[in-house]
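Trainee: just a sequence and a predicted model for now, questions to come.
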Amino acid sequence: MTDTISFDTATPRFALPLLFAGQAQKEFYVNEAHALVDALLHCVVEGTANTPPAAAVDGTAWLVGSAPTDAWAGQAGAIAARQSGTWLFVAPRDGLRVLNRLTGQDMRFHGGWQNPVRPAQPAGGTTVDNEARVAISQLLSALSMAGIFSA
């Protein structure tokens, strides 16, 4: 599953292979589709890395960093899921959400991986009202970035 497989008939978003009447080796198509669904359904990643972990366990996944090497070369920004002892790569689409187990944060893909950044604690300021307005503005920006509500 490490090589990109192109199916004659596949879904448009995540290229899940589709079956057709009289098809030989249906189990290959079904197993590939199940592996992709298993990797994407309630996806949890262990973190972001450029190099595959030496002792990866089946069922775990990572976000591939911007300078991938070894088995991950050429897969920058993808989700690398360990399935059946090999790497399955999934190109993210807008709206995909993952839980980053390392940080405990939900991340979403919208033109790139995004995660909310905690606003700075209010400090200083000569007027409490101005300080409160800045803090509220930062909270609103963080909630927008997290996809809680639109910008």
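Mentor: Great, that's in hand. Residues are numbered from 1 along each chain as shown.
Trainee: quick check: residue 135 is in a strand.
Mentor: No. Checked against DSSP: H, G, I helix; E, B strand; the rest coil, residue 135 lies outside a strand; its state is helix.
Trainee: count the neighbours of it for me.
Mentor: The tally of other residues near residue 135 (other Cβ atoms under 10 Å) stands at 16. To be clear about C-beta, it is placed using only N, CA and C from the backbone, and glycine gets the same treatment.
Trainee: for residue 144, give me phi and psi.
Mentor: phi -70, psi -40 (degrees, to the nearest 10).
Trainee: look at residue 11 and report its pLDDT.
Mentor: Predicted confidence (pLDDT) for residue 11: 73.
Trainee: can you get me a residue count around the closest residue to it other than its chain neighbours?
Mentor: Using Cβ to Cβ, 6 or more residues apart in numbering and skipping the chain neighbours, the partner closest in space to residue 11 is residue 18 (6.7 Å). By other Cβ under 10 Å, the residues close to residue 18 number 13.
Trainee: residue 18 reaches residue 29, doesn't it?
Mentor: Yes. The criterion here is Cβ atoms under 8 Å, and residue 18 meets it with residue 29 at 7.5 Å.
Trainee: let me see the ranges of the helices in this protein.
Mentor: Remark: helices assigned in the chain by DSSP state H are 26-40, 128-145.
Trainee: now, of the ones you listed, which is deepest in the fold?
Mentor: Of the helices of the chain, the one with the most neighbours on average (mean count of other Cβ atoms under 10 Å) is helix 26-40, at a mean of 16.
Trainee: tell me what that one is packed against?
Mentor: strand 79-83, strand 86-90 (3 or more Cβ pairs under 8 Å, 6 or more residues apart in numbering; DSSP states H and E).
Trainee: what about that helix, average pLDDT?
Mentor: In this model, helix 26-40 has a mean pLDDT of 76.
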